[in-house]
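>>> A predicted structure for the sequence below; I have some questions about it.
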Amino acid sequence: FGYAAYAQEFVDSNTGIFAFDNKPEGETYYFKAGIRQKWNALGHSVLYGEYGNDDDKFTAEAFQAGVTSSELQRYGIGIVQEIDAAAMSVWLAYRHYEPEVTAFGVDQQAQDFDLVKLGALINF
């Protein structure tokens, strides 16, 4: 399977408390691809990989605080095991985030972040 998404942010002039006339318009794109097969008696297994990028997707408050540009890249992999007898899915996923922020014309120090998720869903 495959999935792709794209979004663009359009910023209108705003003269209120959060005026952001010069804020750059942001954009996002995201891709996810994987395979779903029945390799065991429990049910289908899903293996997937993903990649996404957000450019200039920051809030008006961050803009007011001096942020002028940003980029967030993320990529990850995951596995989902469906358990048919229990109408249940169990998953384990890893995602890596790489942020870049510029404020007041200077690149700011931003820490990369790794996320591991483990969870389950029972449908009833």
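Right, received. Where do you want to start?

>>> On the strand side of things, show who the nearest residue to residue 54 once chain neighbours are set aside bridges to.
Spatially, and ignoring its direct neighbours in sequence, residue 54 is nearest to residue 72 (4.4 Å; C-beta to C-beta, 6 or more residues apart in numbering). To be clear about C-beta, it is placed using only N, CA and C from the backbone, and glycine gets the same treatment. Beta-bridge partners for residue 72, by DSSP bridges, are residue 54, residue 99.

>>> Residue 72 contacts residue 101, doesn't it?
No: taking contacts as C-beta atoms under 8 Å, residue 72 lies outside contact range of residue 101: 9.0 Å.

>>> now the helix or strand of the chain with the lowest mean pLDDT, how far from the centre of its chain.
The helix or strand of the chain with the poorest confidence is helix 60-64; it has a mean of 80 (mean pLDDT, DSSP states H and E). Its chain's C-alpha centre and that of helix 60-64 lie 21 Å apart, by C-alpha atoms, centre = their mean, to the nearest Å.

>>> buried residues in that helix?
By neighbour count with 16 or more other C-beta atoms under 10 Å, helix 60-64 contains the buried residues 62-63.

>>> what's the answer for stretch 103-121, then?
residue 103.

>>> Over to stretch 75-86?
Buried residues in stretch 75-86 (16+ other C-beta under 10 Å): 76, 78, 80-82.

>>> From these, pick the one nearest residue 110.
Nearest to residue 110 among the buried residues of stretch 75-86: residue 76, at 18.3 Å, using C-beta to C-beta.

>>> who does the closest residue to that closest one other than its chain neighbours bridge with?
Excluding the flanking residues, the one nearest residue 76 by C-beta to C-beta, 6+ apart is residue 95, at 3.4 Å. For residue 95, the beta-bridge partners are residue 76, residue 115 (DSSP bridges).

>>> Against residue 49, how distant is residue 95?
For residue 95, the distance to residue 49 (C-beta to C-beta, to the nearest Å) stands at 11 Å.

>>> Then residue 22?
Counting by C-beta to C-beta, the gap from residue 22 to residue 49 is 37 Å.

>>> Right, I'll leave it there.
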